[in-house]
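Visitor: for reference, the sequence and a predicted model appear below.
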Amino acid sequence: MSLTQAAARHQQKVEELCAASIRALSGEVDLHFRGGRLYRGRRALALFALHLHPSPEHDDFGSFRGASDGMALRLTRSDAGLHQSLCPAEPLARLLFELLEQIRVEALVPADMPGLVRNLHHRHAQWSLAFHHSGLTETAKGLLLYTVVQVCRARVTARPVEEATEGLIEATRMALAPVLGHDVAGLRRQHADQAAYARHALAIAHAVAPMIHEAGGAGDDRNEPSDEEGDDRKLFSLWMDFEGDGDDAAAAASSGNSRVLEEADGGYRIFTTAYDQEVRAVTLVRAALLREYRDRLDRRIAGQGLNIAWLARELKALLAVPARNGWDGSREEGVIDGRRLSQLIASPTERRLFRIERQEPVADCVVGFLIDCSGSMKEHIESVAMLVDVFVRALEQAGVASEVLGFTTGAWNGGRALRDWQRAGRPRHPGRLNEVCHRVFKDADTPWRRARPGIAALLKSDLFREGIDGEAVDWACARLEGCGEGRRLLIVVSDGSPMDSATQLANDAHYLDHHLRDVVARREQDGGVEIYGVGVGLDLSPYYRRSQVVDLSASVRNEVFREIVAMIARE
């Protein structure tokens, strides 16, 4: 497993634990993390405060636990409507107001929860030291912000300021005392009353924001970050996307939204569909080569020692539902069987006069696999083919229908669609600008034995190009909705975000990402198909609410199947 894959898997587990902690403390069952951000259902929550966002690369698990406790307190101890109505419009004043409200709720920890106090203190201490070591306290505006946070938190929580930087902030603290002293004292007195506290918090925010602007405008070449410091300082940007719906380019970029897509009258656009195609993958590969691929795949699967019978039992227990299937007679209890009443006359001691309804598990379900056939998946495709082949076999044993689909483009860098756009005079924001190629490796009506060559066609990796995920998810969902089964699941296997260079250059960098999120959200809201994301060494939670990171770098082990089954069972 590469370091990147290991980090993604570790971060997903950390986020699952933190989300469970927040749900337990807040009592809200629909809270979860997606892409490192807290969501309530499908809605991203406000970011609250700078120190609530620890870095996977720089912070320990204790910092994540402290941040999650802080988020839970914000959800339970703060009136969001009142806070929003009082929040100042000016960004920097709003940042300060958010920080002060977070400090207030962290001072309201119940006395019987000393663990929360330790977690919160640990997180704030780690953030404070990281802020200082990044070099931001060497700038006038950074030192001013840092001092205000330290002084206000110390006063409201009745804890000392961070010892390592106490001397550093002393001069600034003394300079601020005549200006902020009254309101800082008011924070402590009124911290149990949000409305009264807010009056003092607003006074501090409106007083300090102009000071920071003035300090930033003064400029000091000595304090410009070196190249080595640049990455660290990015961790502590003063700008925050409070609502996730910013109205400028910076807000759109930070949230991953596409301004082109948001401003388009008709939504997502397709420049031309003239070259799009849906093909059976088996027709793209020579028969002899398919046999070679199938033999190679069978050897790999046989050498892994996979427990397909166990997987089939787990899938049947998970996907099947009880259904009536006749009656069992000659029972000593149940419903009286009228056909056996004559036996009571012939043998008055006869007790087996009843019958019970027979219930058997029936899998009224279809599972679709949608494989990302973009160029970056080439190194993983043999493992993905093994994964899909074993799942299809196990699903068939469990009585569940399945199909295997794939998506790529017909050409690199736009192909014929790009050339048509160039001949048309390069109109602005043309939308999707490539040839979509959707592939069917196995349809729902074909049994596994007949579909074996088609699944083996996945190994023809030189057909992999670029990926337009949103349209592929829509297509796969439409196919599943055409099936007669009552429950439909779509499992998307991918190693990253949508990528089509021509589309992104002609629109913007987030065009396809935004469209994918829109498609998944719309399909989930419709409820016709349950969509799951399986990330090959990468967290897909920014796109799929239900996702799992898997490691396919070495081999496909039983553990991988357990993780995917557990992902489906979590819903």
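Guide: Looks like it arrived, so ask away. This structure is a prediction, so every number in the text was calculated from the model and none was measured.
Visitor: what's the local residue count around the closest residue to residue 473 other than its chain neighbours?
Guide: Among residues not flanking residue 473 along the chain, residue 519 sits closest, at 5.1 Å (Cβ to Cβ, 6 or more residues apart in numbering). Where C-beta positions appear, they are placed from N, C-alpha and C, glycine not excepted. Counted with other Cβ atoms under 10 Å, the neighbours of residue 519 add up to 21.
Visitor: show me where the stretch 401-550 of the chain dips below the pLDDT cut-off.
Guide: Low-confidence segments of the stretch 401-550 of the chain, defined by pLDDT under 70, are absent.
Visitor: tell me where it has helices.
Guide: Under the criterion DSSP state H, counting those that start in this stretch, helices of the stretch 401-550 of the chain are mapped to 415-423, 448-456, 469-481, 501-506, 511-526.
Visitor: winner for burial among those helices?
Guide: Most buried of the helices of the stretch 401-550 of the chain, by mean neighbour count (mean count of other Cβ atoms under 10 Å): helix 469-481, with a mean of 22.
Visitor: grab the longest strand from this structure for me.
Guide: Counting by DSSP state E, the longest strand found in the chain is strand 321-331.
Visitor: still on that earlier bit, would a markdown table of the helices of the stretch 401-550 of the chain with distance to residue 321 be doable?
Guide: Putting the helices of the stretch 401-550 of the chain into a markdown table (distance: least, Cβ to Cβ, whole Å) gives the following:
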| stretch | distance to residue 321 |
| --- | --- |
| helix 415-423 | 45 |
| helix 448-456 | 23 |
| helix 469-481 | 18 |
| helix 501-506 | 42 |
| helix 511-526 | 21 |
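Visitor: show me where the protein has its strands.
Guide: Using DSSP E, strands in the chain cover 31-34, 37-40, 43-44, 277-280, 321-331, 335-336, 354-362, 365-372, 401-409, 436-442, 487-494, 530-536, 547-550.
Visitor: so for residue 190, which of the ones you listed sits nearest?
Guide: strand 37-40 (27.5 Å; Cβ to Cβ).
Visitor: from the chain's centre, how far out does the closest one sit?
Guide: Here strand 37-40 is found 9 Å from its chain centre; the criterion is Cα atoms, centre = their mean, to the nearest Å.
Visitor: same check, this time on stretch 18-27
Guide: The answer for stretch 18-27 is 17 Å, by Cα atoms, centre = their mean.
Visitor: now do it: everything it contacts.
Guide: 28-29, 31-33, 38, 64-65, 67-69, 71-73, 75-76 (Cβ atoms under 8 Å, 6 or more residues apart in numbering).
Visitor: list the ones among the residues you listed that fall in helices.
Guide: Of the positions in those, 64, 65, 67, 68, 69, 71, 72, 73, 75, 76 sit in helices, assigned by DSSP state H.
Visitor: possible to save the residues you listed as a markdown table with neighbour count and distance to residue 481?
Guide: Shown next, in a markdown table, are those (neighbours: other Cβ atoms under 10 Å; distance: Cβ to Cβ, whole Å):
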| residue | neighbour count | distance to residue 481 |
| --- | --- | --- |
| 64 | 22 | 39 |
| 65 | 22 | 42 |
| 67 | 26 | 40 |
| 68 | 27 | 38 |
| 69 | 26 | 42 |
| 71 | 26 | 37 |
| 72 | 23 | 38 |
| 73 | 25 | 43 |
| 75 | 20 | 36 |
| 76 | 14 | 40 |
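Visitor: now, among the residues you listed, which is nearest to residue 108?
Guide: Taking Cβ to Cβ as the measure, residue 108 lies nearest residue 73 of those, at 6.7 Å.
Visitor: residues near the nearest residue to that closest one once chain neighbours are set aside, how many?
Guide: Spatial nearest neighbour of residue 73, chain neighbours left out: residue 105 (4.4 Å); criterion: Cβ to Cβ, 6+ apart. Neighbour count of residue 105, defined by other Cβ under 10 Å: 22.
Visitor: same check on the one 10 residues further on?
Guide: The tally of other residues near residue 115 (other Cβ under 10 Å) stands at 11.
Visitor: over to residue 460?
Guide: 18.
Visitor: now stretch 151-163: mean pLDDT?
Guide: Stretch 151-163 shows a mean pLDDT of 91.
Visitor: gap between it and the chain center?
Guide: Counting by Cα atoms, centre = their mean, stretch 151-163 comes out at 35 Å from the chain centroid.
Visitor: got the contact list for residue 415?
Guide: 275, 409, 434, 435.
Visitor: tell me the spacing between the residue lying closest to the last one once chain neighbours are set aside and residue 469.
Guide: It stands for residue 435. Nearest non-adjacent residue to residue 435, counting by Cβ to Cβ, 6+ apart: residue 410, 3.2 Å away. Distance, residue 410 to residue 469, using Cβ to Cβ, to the nearest Å: 16 Å.
Visitor: next one: residue 188, what pLDDT does it get?
Guide: Confidence score, pLDDT, at residue 188: 91.
Visitor: wait, it touches residue 157, no?
Guide: No: between residue 188 and residue 157 there is no contact under Cβ atoms under 8 Å: 9.1 Å.
Visitor: who has more neighbours out of those two?
Guide: residue 157 (20 against 16).
Visitor: thought the more buried one was touching residue 103?
Guide: Yes: the criterion here is Cβ under 8 Å, and residue 157 meets it with residue 103 at 7.1 Å.
Visitor: which one of the contacts of residue 415 is nearest residue 389?
Guide: Using Cβ to Cβ, the contacts of residue 415 come closest to residue 389 at residue 409, 24.8 Å.
Visitor: list the residues that contact the closest one.
Guide: Per Cβ under 8 Å, 6+ apart, neighbours of residue 409: 415, 434, 435, 436, 437, 465, 466, 467, 468, 500.
Visitor: check contacts around the fifth one.
Guide: Contact analysis of residue 437 by Cβ under 8 Å, 6+ apart lists 276, 277, 279, 407, 408, 409, 410, 465.
Visitor: for the third one, same thing?
Guide: If you count contacts by Cβ under 8 Å, 6+ apart, residue 435 has them with 275, 276, 277, 409, 410, 411, 415, 416, 417.
Visitor: what residues does the fifth one make contact with?
Guide: Which is residue 410. Taking Cβ under 8 Å, 6+ apart, we find residue 410 in contact with 275, 276, 277, 416, 434, 435, 436, 437, 465.
Visitor: recalculate using a threshold of 10 Å.
Guide: 275-277, 279, 416-417, 434-437, 463, 465-466 (Cβ atoms under 10 Å, 6 or more residues apart in numbering).
Visitor: ramachandran angles for it?
Guide: The phi and psi values for residue 410, taken as degrees, to the nearest 10, are phi -80, psi -10.
Visitor: neighbours of residue 166, just the number please.
Guide: 13.
Visitor: any idea how far it lies from residue 177?
Guide: From residue 166 to residue 177 the distance is 15 Å (Cβ to Cβ).
Visitor: same deal with residue 522?
Guide: Distance from residue 522 to residue 177, counting by Cβ to Cβ: 55 Å.
Visitor: same thing with residue 468?
Guide: 59 Å.
Visitor: the two: who's more crowded?
Guide: Shown here are residue 468 and residue 177; by other Cβ under 10 Å, residue 468 has more neighbours (26 against 12).
Visitor: still on that earlier bit, could you identify the most distant pair in the contacts of residue 409?
Guide: Between all members of these, the farthest pair (by Cβ to Cβ) comes out as 415 and 467, at 14.1 Å.
Visitor: residue 110 and residue 69 touch, don't they?
Guide: No: using Cβ atoms under 10 Å, residue 110 makes no contact with residue 69, being 11.7 Å away.
Visitor: what is in contact with the two at once?
Guide: By Cβ under 10 Å, 6+ apart, residue 110 and residue 69 have these common neighbours: 116, 117.
Visitor: and the helices in the stretch 151-300 of the chain?
Guide: Under DSSP H, counting those that start in this stretch, the stretch 151-300 of the chain gives helices at 166-189, 194-218, 227-234, 249-255, 259-263, 287-304.
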